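In: Just need the structure, nothing else, for what follows:
(one chain, ligands or ions: 2)
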Amino acid sequence: LLPGSVNAEGRIATLGVMGGGQLGRMFVQAAQEMGYYTAVLDADPVSPAGLVSHFHIQTGYEDAAGLAELAERCDAITTEFENVPAPALQTLAASRPVAPAASAVAVAQDRIAEKAHFVACAQAGGVGPAPYAALETEADLAAVGDLLLPGILKTARLGYDGKGQARVKDRAELAAAWDSMGRVACVLEKMLPLKAELSVIVARGADDQVVNFPVQRNLHRDGILAVTEVFDGNVPAELAERAIATTATVARQLGYVGVLCVEYFVIDDGSEHGGLVVNEMAPRPHNSGHYTINACDCSQFELQVRAMAGLPLVQPRLHSPTVMLNLLGDLWFQHGQPVEPPWAQILALPGAHLHLYGKLQARPGRKMGHLNLTGASVEQAQATALRCAELLG
Ligand code: ADP
Ligand code: MG
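Out: Ligands and ions are numbered 1, 2, ... in the order given. From the prediction side, this is the model:
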């Protein structure tokens, strides 16, 4: 699907996205830069992506008329929100190419299926997950091995940003936590001693070409991504190679088309660099890849466009060491009073790139935007990030 091409009905090539959040917004912006028209399906009349798209279909994800309109307006469709119901993607796929496919998204939506996929990939030579057990029945609970405690109980579905999780020390806490989650399907994972958290973003085309971004080093605060750092040597080369190879395997074995992010833990296992464990995946561009807009010669959003449109993928090159700071709604309040964050002072810093998502209302914990801080050297990027953190308080 060539950018700017006009079909027999006189319509310019149009890309659609399920979901109108910030990921959808940055996808839409990348698509538009290349000359595509865009359509967003999201019920929110002021969704970040809907506000900047040529077309905004304001319905729920499972609305038959909304899905039909999206399919009619678009030549190819993707998703920006991993909890879009897989059947909705299936409905769209009956008339238009959809990438990633519903079947791949369904695996990422369910931690039990996701872990099983990681185990299969580990058997093919990839990095394996933390020791875990699926918890679906009373018998599963009784069968939990002591090895998994202390552990983290995670709901199999709909968890994000640390939500739907409980840390449990022993069996009594495990049973109580599962009760309080309504005994929905869960996984129990052994609590691991984390040295670092990493993520890898790849893009795979329908022709099986896979390209990757460099390994990202991530810092979370209260379960939400706070900082991503990327520069040459940010991760020992041996760990980076294994994480990248595993991510490519995870994509290939799913028959995945599009941008995929896989999260990893580096655990303290007594070895020099630590051991690598695969944590979870996101079937879409990822918060830890926002730096690619300013620090790479092709962003994760452009690669999503290329993959879904069947255009060539290129191996992206990091041209600047970079630090990404997430901007949460908390920054819009001081002592409970609304304030404007000090953008003028921040934008006076060389290498500071501000991205706000156009959300009208700031709320604590809400992702409002991010800052990409690039520099000629790691030290420069880090110094700018530190200065921003001071200015933001
Ligand atoms: P979410 O979907 O909320 O991102 P994650 O599985 O990534 O869920 O867990 C959120 C955070 O909790 C991780 O980034 C990590 O800091 C911590 N965490 C998750 N699993 C483990 C574990 N098995 N051992 C130690 N820390 C963990
Ligand atoms: Mg996570």
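
In: only C-alpha atoms for contact and neighbour calcs from this point on.
Out: Will do.

In: What's the local residue count around residue 343?
Out: Neighbour count for residue 343, taken as other CA atoms under 10 Å: 12.

In: I'd like the distance between it and ligand 1.
Out: From residue 343 over to ligand 1 the distance is 29 Å, taken as CA to the nearest ligand atom, to the nearest Å.

In: Please export the C-alpha coordinates of the longest helix seen in the chain as CSV.
Out: Longest helix in the chain, counting residues (DSSP state H): helix 237-254. Output in CSV follows, covering the C-alpha atoms of helix 237-254 (Å, rounded to 0.1, in the frame of the first residue of the first chain):
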residue,chain,number,x,y,z
ALA,A,237,26.7,-6.9,24.9
GLU,A,238,26.1,-10.6,25.7
LEU,A,239,22.7,-9.8,27.5
ALA,A,240,21.7,-7.4,24.7
GLU,A,241,22.3,-10.0,22.0
ARG,A,242,20.3,-12.7,23.8
ALA,A,243,17.4,-10.3,24.5
ILE,A,244,17.3,-9.2,20.8
ALA,A,245,17.5,-12.7,19.5
THR,A,246,14.7,-13.9,21.9
THR,A,247,12.5,-11.0,20.8
ALA,A,248,12.9,-11.9,17.2
THR,A,249,12.0,-15.5,18.0
VAL,A,250,8.9,-14.5,20.0
ALA,A,251,7.7,-12.5,16.9
ARG,A,252,8.6,-15.2,14.4
GLN,A,253,6.9,-18.0,16.3
LEU,A,254,3.7,-15.9,16.6
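
In: Skipping adjacent residues, who's closest to residue 163 in space?
Out: Among residues not flanking residue 163 along the chain, residue 223 sits closest, at 7.7 Å (CA to CA, 6 or more residues apart in numbering).

In: ah, wrong one, I meant residue 54
Out: That would be residue 38: by CA to CA, 6+ apart, it lies 5.4 Å from residue 54.

In: Contacts only, for the residue of the stretch 1-150 of the chain found nearest ligand 1.
Out: Closest approach between the stretch 1-150 of the chain and ligand 1, counting by CA to the nearest ligand atom: residue 130, at 6.0 Å. Going by CA atoms under 8 Å, 6 or more residues apart in numbering, residue 130 touches 189, 190, 192, 277, 278, 279.

In: picking up where we left off before, number of residues surrounding the residue nearest to residue 163?
Out: Neighbour tally, residue 223, other CA under 10 Å: 12.

In: you'd agree it is up against residue 162?
Out: Yes - the criterion here is CA atoms under 8 Å, and residue 223 meets it with residue 162 at 4.4 Å.

In: List the residues that contact the residue nearest in space to the middle of the chain.
Out: Centroid check for the chain by CA atoms, centre = their mean gives residue 286 as the closest residue, at 2.6 Å. Going by CA under 8 Å, 6+ apart, residue 286 touches 23, 201, 260, 261.
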